[in-house]
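**Q** make a model of this:
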Amino acid sequence: MAVTTDPGVYYDPYDFTIDSDPYPVWKRLRDEAPLYWNDKYEFFALSRWDDVDAASLNWQTYISGRGSVLEMIKANIQIPPGNILFEDPPIHHIHRSLQNRVFTPRKMNALEPKVRAFTAAVLDPLVGAGGFDFIADLGAQMPMRVIGMLLGIPEKDQEAIRERIDEGLRIEEGEAGSLTENYGEQNEMFAEYIEWRAAHPSDDLMTDLLNVEFEDETGTVRKLTRGEIVTIVGMLAAAGNETTTKLIGWSGQLLGDHPDQRRRLTEDPSLIPNAVEEILRYESPSPIQSRYVARDVEIHGRTVPEGNVMVLLNASANRDERHFPDADRFDVGRDVGRHLAFGFGIHVCLGAALARLEGRVALEEVLKRFPHWEVDYDRAERARTSTVRGWHRLPVRTA
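**A** Got it, this is the predicted structure:
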């Protein structure tokens, strides 16, 4: 490969030290190697706002049909239809349009009373306890309960499913992980729910998916296959759980470390929706996306040949001072505007409205009961994955 970079600039998505605080490395990439080449894992990376933003829109060049995770693309595995994260048009548009009928902002906002009631039920017993865990007590519970309710997964099984999804995403330091091995296993565990729901229809997304008729890319009017439904349900369960869990964790950590910003929210709760946007910008739960390069493309005076992998560092773009003034400052009053925490273009996060709702309700209910807290870093534990970034455990002291 003819492309080289300064050997002093190095980014490794599987390096735990870098993952603990990637922002200095990402700043160097933005300043010194805006088109970065990694020799060890053989991928290119874009880190500036303008580049990541443009690449996110250019789905014809940077395709998702071979996966949107680095190790998945490298493994060149056959991806079953139904997961819109790993599809290109026209089939992507067809599958996404079916799911868009459920994940509208109006329908998501209609869930607020149930989300708030569950959050209150979780937090009330913790008042006066001297502390709680933002992940174990709230972040790992509420998102899975909500997505489980939408899908029609029995409440008694939701915790086991969440743990299995979480386990399947974990990696060992310096290794690409086993996501490709776990992908099929995670989907298979939903097959029995779908078969049961086929015989016992209800008011949930699984029933909708079983009954919907649509015109596919060949012009045929049909229903979804069982395989497509299994894949869709598995994708929604994983995506609806992991990223929102990390958002809630980052909320606890950032507001624990910035008591002045937390005080602004307790004094003026109307700032909370904007605070959620700033948290998403400042610590994006899904910081890295990957794409297969389907045709030669010129970037920063170099040619990236077809057949390579391009890593899009959307979390780096969200800290690009070229776009966000004083980007490394956490400010709940910032005029955030558009950020890239949910991606952009045809693959913008389907559940963005739901994630915003859950993040807002979580903060509102926490701040009502706990206006003060400090993070207990001695007992905190990072979640180590190649796809999402955040906390596995985040205990805080409230008294």
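**Q** could you pull out the strands in the stretch 51-200 of the chain for me?
**A** Applying DSSP state E, counting those that start in this stretch to the stretch 51-200 of the chain gives strands spanning 62-63, 131-133.
**Q** residue 235 is nearest to which of those strands?
**A** For residue 235, the closest of the strands of the stretch 51-200 of the chain is strand 62-63, at 17.6 Å, according to Cβ to Cβ. From N, CA and C alone the C-beta is placed, and that goes for glycine too.
**Q** can you pull the contacts of the closest residue to residue 105 other than its chain neighbours?
**A** Setting aside the residues directly before and after it, residue 105 is nearest to residue 353 in space (Cβ to Cβ, 6 or more residues apart in numbering), at 4.3 Å. By Cβ atoms under 8 Å, 6 or more residues apart in numbering, the contact list for residue 353 reads 103, 104, 105, 108, 109.
**Q** derive a PyMOL selection command for the buried subset of those residues.
**A** Buried residues among the contacts of residue 353 (16 or more other Cβ atoms under 10 Å), as a PyMOL selection:
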select buried, resi 103+108
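**Q** how many neighbours does the residue nearest to residue 81 when sequence neighbours are not counted have?
**A** Leaving aside its chain neighbours, residue 81 sits nearest to residue 228 (5.5 Å; criterion: Cβ to Cβ, 6+ apart). Other residues lying near residue 228 total 19 when counted by other Cβ atoms under 10 Å.
**Q** check the offset of the helix or strand residue 228 falls within from the chain's centre.
**A** Under DSSP states H and E, the secondary-structure element containing residue 228 is helix 226-257. Chain-centre distance of helix 226-257: 6 Å, with Cα atoms, centre = their mean, to the nearest Å.
**Q** I'd like the distance between the residue nearest to residue 105 and residue 109.
**A** 7 Å (Cβ to Cβ, to the nearest Å).
**Q** what does residue 386 give?
**A** Applying Cβ to Cβ, the value for residue 386 to residue 109 is 33 Å.
**Q** need the helices for the stretch 51-200 of the chain, in chain order.
**A** 70-75, 91-100, 105-109, 112-123, 142-151, 155-169, 179-188, 191-199 (DSSP state H, counting those that start in this stretch).
**Q** let's see the first one as CSV, backbone CA atoms only.
**A** It refers to helix 70-75. Coordinates of the C-alpha atoms in helix 70-75 are reproduced here as CSV (Å, rounded to 0.1, in the frame of the first residue of the first chain):
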residue,chain,number,x,y,z
LEU,A,70,-14.6,-3.1,10.7
GLU,A,71,-14.1,-6.7,11.6
MET,A,72,-17.3,-7.7,9.9
ILE,A,73,-16.3,-6.2,6.6
LYS,A,74,-12.8,-7.7,6.9
ALA,A,75,-14.4,-11.2,7.6
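**Q** show me what counts as buried in that helix.
**A** 70, 71, 72, 73, 74.
**Q** packing partners for that helix?
**A** helix 179-188, strand 289-293, strand 309-312 (3 or more Cβ pairs under 8 Å, 6 or more residues apart in numbering; DSSP states H and E).
**Q** residue 19 reaches residue 386, doesn't it?
**A** No - if you go by Cβ atoms under 8 Å, residue 19 and residue 386 don't touch, sitting 9.2 Å apart.
**Q** so what's in contact with these two at the same time?
**A** residue 13.
**Q** so for the helix or strand where residue 31 lies, mean pLDDT?
**A** When elements are assigned from DSSP H and E, residue 31 belongs to helix 23-32. Mean pLDDT, helix 23-32: 98.
**Q** hmm, who's touching that helix?
**A** 5-6, 9-11, 18, 36, 45, 47-48, 313, 315-316, 319-320, 322, 328.
**Q** which other helices and strands contact the very next helix or strand once past that helix?
**A** Using DSSP H and E, the helix or strand that follows helix 23-32 in sequence is strand 35-38. In terms of contacts (3+ Cβ pairs under 8 Å, 6+ apart), strand 35-38 is packed against strand 43-46.
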